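In: structure for the following, please:
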Amino acid sequence: MWQAQAAIFNVAYRVPFQRPARPRVGGFTLIELLVVIALMALVVGLVPIAFGRLHESAQYRDTVRAVLTDLRAARQQAQSQGAETRFAVDLRARSFGVEGGPQREVPEPLTLRAVMAAETADADGRLAISFLPRGGASGGSVDLIRPSGSGVRLRVDWFTGRVEQEAIEP
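Out: Down below sits the predicted model:
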């Protein structure tokens, strides 16, 4: 008897028919698409700022390296050829280089300053550091300054002619 009651109970309280679960179709929801679009907009907005800083930093490093290389090349040339060699800086034209060689320009965002002996200035107002065959120099320094105010000072020792680099803090 209890089996008959159980059968009636099962029939009376049967769960309504459910369709079998369909496999999920691949795709993205609207929220997922909006999140991706927002992230892309953020990246596109930040890339030019980061690229500008990267470009400025690369220009700064290249210019410092070029000035340092030319200063050391002038010293080495004076010692190897046994004749005075001059490293010239033209503040008006924003250029520098070993006299008789190619002159390089300083990129626009950087500031160029130079301190050299008064007797090494040309009639055109170009300043120069003279390197002597025995290793000495007239002495002086060349400063390259970033727009932020930080930079580097390349100092030439008058006694030894060695080129030293030191940071300039704003």
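In: which element is the residue most central in space within the chain on?
Out: The centroid of the chain falls nearest to Ser57 when counting by CA atoms, centre = their mean (2.4 Å). Using DSSP states H and E, Ser57 sits within helix 30-81.
In: who are the packing partners of that helix?
Out: strand 85-90, strand 95-98, strand 104-105, strand 127-131, strand 140-145, strand 151-156, strand 163-168 (3 or more CB pairs under 8 Å, 6 or more residues apart in numbering; DSSP states H and E). C-betas here are computed from N, CA, C, even on glycine.
In: could those go into a markdown table alongside mean neighbour count?
Out: What follows is the helices and strands packed on helix 30-81, written out as a markdown table (neighbours: other CB atoms under 10 Å):
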| stretch | mean neighbour count |
| --- | --- |
| strand 85-90 | 24 |
| strand 95-98 | 21 |
| strand 104-105 | 14 |
| strand 127-131 | 25 |
| strand 140-145 | 20 |
| strand 151-156 | 20 |
| strand 163-168 | 13 |
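In: now render the ones you listed as CSV, adding distance to Glu32 and mean pLDDT.
Out: Converted to CSV, the helices and strands packed on helix 30-81 look like this (distance: least, CB to CB, whole Å; pLDDT from 0 to 100):
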stretch, distance to Glu32, mean pLDDT
strand 85-90, 59, 93
strand 95-98, 55, 94
strand 104-105, 51, 94
strand 127-131, 63, 92
strand 140-145, 48, 93
strand 151-156, 47, 94
strand 163-168, 48, 92
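In: let's have the ones you listed in a markdown table, adding distance to Val47.
Out: Putting the helices and strands packed on helix 30-81 into a markdown table (distance: least, CB to CB, whole Å) gives the following:
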| stretch | distance to Val47 |
| --- | --- |
| strand 85-90 | 36 |
| strand 95-98 | 33 |
| strand 104-105 | 28 |
| strand 127-131 | 40 |
| strand 140-145 | 27 |
| strand 151-156 | 27 |
| strand 163-168 | 29 |
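In: which one of those lies nearest to Ala50?
Out: strand 151-156 (21.4 Å; CB to CB).
In: please name the strands paired to the closest one in the sheet, noting orientation.
Out: Applying DSSP bridges, strand 151-156 is found paired with strand 140-145 (antiparallel), strand 163-168 (antiparallel).
In: dump those to TSV, plus distance to Leu71.
Out: Putting the strands paired with strand 151-156 into TSV (distance: least, CB to CB, whole Å) gives the following:
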stretch	distance to Leu71
strand 140-145	7
strand 163-168	5
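In: for the helix holding Ser57, what is the average pLDDT?
Out: For helix 30-81, mean pLDDT rounds to 89.
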